[in-house]
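**Q** Build me a model:
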Amino acid sequence: MNLFEQQNQEFTARHIGPNEHETKAMLKLIGVRSVDELISQTVPASIRSKEPLQTGGPVSEFQYLTELKKTAQLNKVFKSYIGQGYYNTIVPSVILRTVFENPGWYTQYTPYQAEIAQGRLESLLNFQTMVSDLTGLPIANASLLDEGTAAAEAMAMLFNHKNKNHDHVTAPKFFVDENIFAQTKDVLITRATPLHIELVFGDHKTAQLDELYFGAIVQYPNSNGAVEDYRSFIDKAHTVNAQVVMATDLLALTLLTPPGELGADVAIGNSQRLGVPMGFGGPHAAFFATKDEFKRNIPGRIIGVSIDAQGNRCLRMALQTREQHIRREKATSNICTAQALLANMAAMYAVYHGPDGIKNIGKRVALLAQTLSDELAELGFNNVNEYYFDTLKVQVKDAAAIRKLAEQQEINFNYFGNEYIGISLDETTSQYDILNILHVFSTSQSNDTAVANFDADTLLENIPAALTRTSDYLTHPVFNTHCSETEMLRYIKSLENKDLSLNTSMISLGSCTMKLNAATQLIPVSWPEFGGMHPFAPVAQWKGYQQIVTELEDWLSNITGFAATSLQPNSGAQGEYAGLLTIKAYHDDRKEPQRNVILIPISAHGTNPASAVMAGFKVVVTKCDDAGNIDVADLKMNAEKYKDTLAGLMVTYPSTHGVFEESIIDICQLIHDNGGLVYMDGANMNAQVGLTSPGNIGADVCHLNLHKTFAIPHGGGGPGMGPICVNEKLAPYLPSHVSQITGGSHPIHAVSAAPFGSASILLISYAYIKLLGPEGLKKSTQYAILNANYMKARLEKEYKILYSGINGTCAHEFIVDLRPFKQSAGIEAEDVAKRLMDYNFHAPTLSFPVAGTIMIEPTESEDKSELDRFCDALLSIREEIRAVENGSADKADNPLKHAPHTQFVVIANDWNHPYSRETAAFPLEYVRQNKFWPSISRVNNTYGDRNLVCTCEPVSAYVEEATV
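**A** Numbers count the residues shown, from 1 in each chain. Below is the predicted model:
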């Protein structure tokens, strides 16, 4: 390899942790001579790929960014007034630099381990408080995927509330006002169909509701931009015991009476315009607020207040027993992936601007909209909206002619046929922009002059008096303290310091694949050519995105061994749902709608059965054998039993137990022989890329967690992406979109609000594939397997490893059994997880897929020294357990039972434990060199669930706490 070829492959060495010398030492400990020998012992020969991957690259990081800048310039970012839920916004620089572009925020994991996640938990609590305040409803969740899916979640929640027994549905109807966003309608249709919900579209003014309706949805302001008073409609719905969902706009609610005060039961929407770029559709944090009576049914995650072991206030994810891997097929919601990073940005936007600042932004937008409406009226163009916030619907004689003039000036409007034009203003709109808009309209009348009278003291007559907001919001000190950039910078840093992320140490979560999120992959996400693109911009304006989307779809299809890919699903769980819907569409198209049974092994991800039920299938759970593999005999019995109604099988490969099952090809053939199709959960694709593929094993469809295998950061619990890849059978059924730019020949309806989901973060996976190239991708998979087997080899003498392949190896992850220690020392798996925090580590996946275990996945990105530190920590913890077993440490008062130890506990005047402070805080030498301190002691979840508080408490709560 010459120097120039070597330059193009430099990224592979930067992405993969172990160097050549470390690799030799690791192989020696495992007991194999080469990486190839390890792979041959791990991956069955029958499923190994015979052809190399056909993907882009490799290229150097500098070359990649240089080429991508040229691609970016193919995107023509016009001034966008399209609206429809997506708006230009100003991202405060301090938030852009210290949150959005900061690995301390974007590489965090979902805050299941609250003791090392207090920073983002506080920020998410701020988000919930902001949403609750602005919507006028008492409880809000910590974000959902997008506005369309939030609306669908609200519909499902109300359906389940009214119809407790799905076998005897008494109220199947849901009213959908005709003036909600088109993309929301599309997603509602998708989600309603499998649940047999009857959608009734119409005008809320003339709607006739009865006891057959469980709910309704309206838009406020609506898709035309009109502000309407829904009080009478809400009263009418409540009269027949139906609940009302109001899709709304947080910025508008700074001026408008909030949904809660109008009587709405649920408020949903998108927080994008609060400081998050449009990004061609995402990622953005949807919001969901509701009345207190629905607090046990609200979808997604909720952050709540509790106390720790010392009695101090702390935060944690509330209502944890509702997590989907626990409820499985009984789950009422599954598309509950949060958009934590984007919710944090929106929350910080509110913290930064405060109530006065955010209200002033709203007033400026409304004032400019009123000025534009008045000046257009002077030109003879009538705004049909009597009342409005930011959007005009202007009646014209020839919209096509005006469109031509607008696009010549690089301006995009929203067009309703040839008679009406929608113009949505936003935070970035200036007085100069208003003159430009007026110039387009005046030019259409052969007049080259545009004038406008801007009066900042003008009353906002476009906001009706009956709907003018009078209630306060954002009154908590957090929204009224950090006014200067200095204060804001320090506040953000103070929260970051409380959280363990990948810039602290490895996060070895099995099945979650917390690998390197390289800076070069992330830099372009902030470029305006990508961030400033409206998802409904004309196709000719996003040729750069088109190139990236086309190449990425082709590469993912090649990697998975399939024929086609849809990038629309914007989470892994949503990918599962979309993939299952293509299977359903396939059977329906073949006139076999009776095929409604999905077989799911007991070892499958907990999201699998929930997705299947949501897609309208009946779940039949099949057994696993003692080695953790699918019980083929039991599967065969069930496949034949349900052969006339079998829709398919959901299978994870390698298995959730971290094993490449030898029987996988026979399993797939068995399902096909009985009329079903095979859905492969792509959570463990990190062990397949370049070595095998879902197509090779015989699957028909899979989803890919781009935030796992393909390096999109987890962002503290989102963003994520879950594209689906399908074979020729299922390609015709890939999801469509109202924009008519995606979908197969016989498509299902949209599963996401935007045509390509969270399009801007597709850039990250695009870069990952191109920088590594075919050989680098394969090598990443090989080293994921090497690193896991090295750790297994180091730990297996002291810990029982539950499952392995026929040659004694594991795939990219393995399960450590901690159950024996409960009997021998009274030590629980949770004790080990919390004690790891004292060693500077996040716990591996806890009690999944087997209760009382930890599942470890090191990823390929960690070098040998970091793997050794983690192994040293677990081996040291084993010695601490042994001390309890042999009686040299107290069974109740030992470092594991009191972990984690905060600095306040360690330096307190009173220390009554039989072990030393040094043992508590600095159990190994490396910890002493760079200590990460958990900010709270062990969380009391029970207290928090019994005393549910999910918004920022009043200042008096802190005062009372301080006096205790």
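**Q** Next, give phi and psi for the nearest residue to Glu485 once chain neighbours are set aside.
**A** Nearest non-adjacent residue to Glu485, counting by CB to CB, 6 or more residues apart in numbering: Val94, 5.2 Å away. The way it works is simple: take the backbone N, C-alpha and C, and place the C-beta from them, glycine included. Note on Val94: backbone dihedrals following degrees, to the nearest 10 are phi -70, psi -30.
**Q** Same question for Val701.
**A** Dihedral angles (degrees, to the nearest 10) for Val701: phi -160, psi 150.
**Q** isn't it right up against Thr582?
**A** Yes: using CB atoms under 8 Å, Val701 is in contact with Thr582, at 6.0 Å.
**Q** Between the two, point out the one with more neighbours.
**A** Val701 (30 against 27; other CB atoms under 10 Å).
**Q** Report the contact partners of that one.
**A** Contacts for Val701 were tallied using CB atoms under 8 Å, 6 or more residues apart in numbering; they are 562, 579, 582-583, 677-680, 694, 724-727, 730.
**Q** Repeat the analysis, applying 7 Å as the threshold.
**A** Val701 makes contact with 579, 582-583, 679, 724, 726, 730, according to CB atoms under 7 Å, 6 or more residues apart in numbering.
**Q** just the helices in the stretch 451-600 of the chain please.
**A** Taking DSSP state H, counting those that start in this stretch as the criterion, the stretch 451-600 of the chain contains helices spanning 485-496, 519-522, 528-531, 543-560, 572-589.
**Q** Next, the angle from whichever strand or helix holds Met791 to helix 543-560.
**A** Following DSSP states H and E, one finds Met791 within helix 762-795. Inter-element angle recorded for helix 762-795 and helix 543-560: 30 degrees (by axes from the mean of the first three to the mean of the last three CA atoms, to 10 degrees).
**Q** Which SSE is immediately downstream of helix 762-795?
**A** Proceeding N to C from helix 762-795, the next assigned helix or strand is strand 800-801, under DSSP H and E.
**Q** for that next one, packing partners?
**A** Applying 3 or more CB pairs under 7 Å, 6 or more residues apart in numbering; DSSP states H and E, one finds that strand 800-801 contacts strand 814-817.
**Q** I'd like to know how many residues surround Thr468.
**A** Counted with other CB under 10 Å, the neighbours of Thr468 add up to 11.
**Q** wait, what's in contact with it?
**A** 255, 257.
**Q** and if you look at Tyr387?
**A** By CB under 7 Å, 6+ apart, Tyr387 lies in contact with 226-227, 462-464.
**Q** which among the residues you listed gets closest to Tyr106?
**A** Val227 (36.6 Å; CB to CB).
**Q** Do you know the pLDDT at the nearest residue in space to the closest one that is not next to it in sequence?
**A** With CB to CB, 6+ apart as the criterion, Val227 has its nearest non-adjacent residue at 4.2 Å, and that residue is Tyr387. We have a pLDDT of 98 for Tyr387.
**Q** And for Glu953?
**A** Among the per-residue scores, Glu953 shows a pLDDT of 68.
**Q** Check whether Gly695 sits in a helix, strand or coil.
**A** Using DSSP: H, G, I helix; E, B strand; the rest coil, the structure places Gly695 in helix.
**Q** residue ranges with poor pLDDT in the protein?
**A** Counting by pLDDT under 70, the chain has low-confidence residues at 1, 319-336, 953-964.
**Q** centroid residue for it?
**A** Geometric centre of the chain, nearest residue: Gly718, 3.5 Å, by CA atoms, centre = their mean.
**Q** That residue contacts Ala340, correct?
**A** Yes: here Gly718 lies in contact with Ala340, judged by CB atoms under 7 Å, at a distance of 4.8 Å.
**Q** hang on, the earlier thing: quick check: buried residues in the helix holding Met791?
**A** Of all the residues in helix 762-795, those buried under the rule 16 or more other CB atoms under 10 Å are 762-774, 776-795.
**Q** counting contacts, what elements does the helix or strand encompassing Phe62 pack onto?
**A** Following DSSP H and E, one finds Phe62 within helix 61-72. If you count contacts as 3+ CB pairs under 7 Å, 6+ apart, helix 61-72 packs onto helix 519-522, helix 543-560, helix 762-795.
**Q** Val613 is in what secondary structure piece?
**A** Assigned by DSSP H and E, Val613 falls within helix 607-614.
**Q** Can you spell out which helices and strands pack onto that helix?
**A** In terms of contacts (3+ CB pairs under 7 Å, 6+ apart), helix 607-614 is packed against helix 324-327, helix 572-589, strand 597-601, strand 618-622.
**Q** start to end distance for stretch 674-684?
**A** 26 Å (CA to CA, to the nearest Å).
**Q** what residues does that stretch touch?
**A** With contact meaning CB under 7 Å, 6+ apart, stretch 674-684 is reached by 511, 572, 576, 579-580, 583, 586, 595, 604-605, 608, 639-640, 643, 646-654, 668, 671, 694, 698-705, 708, 811-812.
**Q** Now, of the residues you listed, which are buried?
**A** In the contacts of stretch 674-684, burial by neighbour count holds for 511, 572, 576, 579-580, 583, 586, 595, 604-605, 608, 639, 646-654, 668, 671, 694, 698-705, 708, 811-812, counting by 16+ other CB under 10 Å.
**Q** about what we covered before: for the helices of the stretch 451-600 of the chain, please prepare CSV with the additional fields distance to Asn19.
**A** Output for the helices of the stretch 451-600 of the chain, formatted as CSV (distance: least, CB to CB, whole Å):
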stretch, distance to Asn19
helix 485-496, 30
helix 519-522, 20
helix 528-531, 34
helix 543-560, 26
helix 572-589, 32
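**Q** Indicate which one of the ones you listed is closest to His15.
**A** Smallest distance to His15 across the helices of the stretch 451-600 of the chain (CB to CB): 9.6 Å, for helix 519-522.
**Q** Buried residues of the closest one, list them for me.
**A** Using 16+ other CB under 10 Å as the test for burial, helix 519-522 gives 520-522.
**Q** cool, and stretch 391-409?
**A** Neighbour-count burial for stretch 391-409, counted by 16+ other CB under 10 Å, picks out 391-394, 396, 399, 402-403, 406-407.
**Q** Switch these over to JSON lines; also include distance to Thr89.
**A** Shown next, in JSON lines, are these (distance: CB to CB, whole Å):
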{"residue": "Thr391", "distance to Thr89": "15"}
{"residue": "Leu392", "distance to Thr89": "19"}
{"residue": "Lys393", "distance to Thr89": "22"}
{"residue": "Val394", "distance to Thr89": "23"}
{"residue": "Val396", "distance to Thr89": "28"}
{"residue": "Ala399", "distance to Thr89": "27"}
{"residue": "Ile402", "distance to Thr89": "26"}
{"residue": "Arg403", "distance to Thr89": "25"}
{"residue": "Ala406", "distance to Thr89": "21"}
{"residue": "Glu407", "distance to Thr89": "23"}
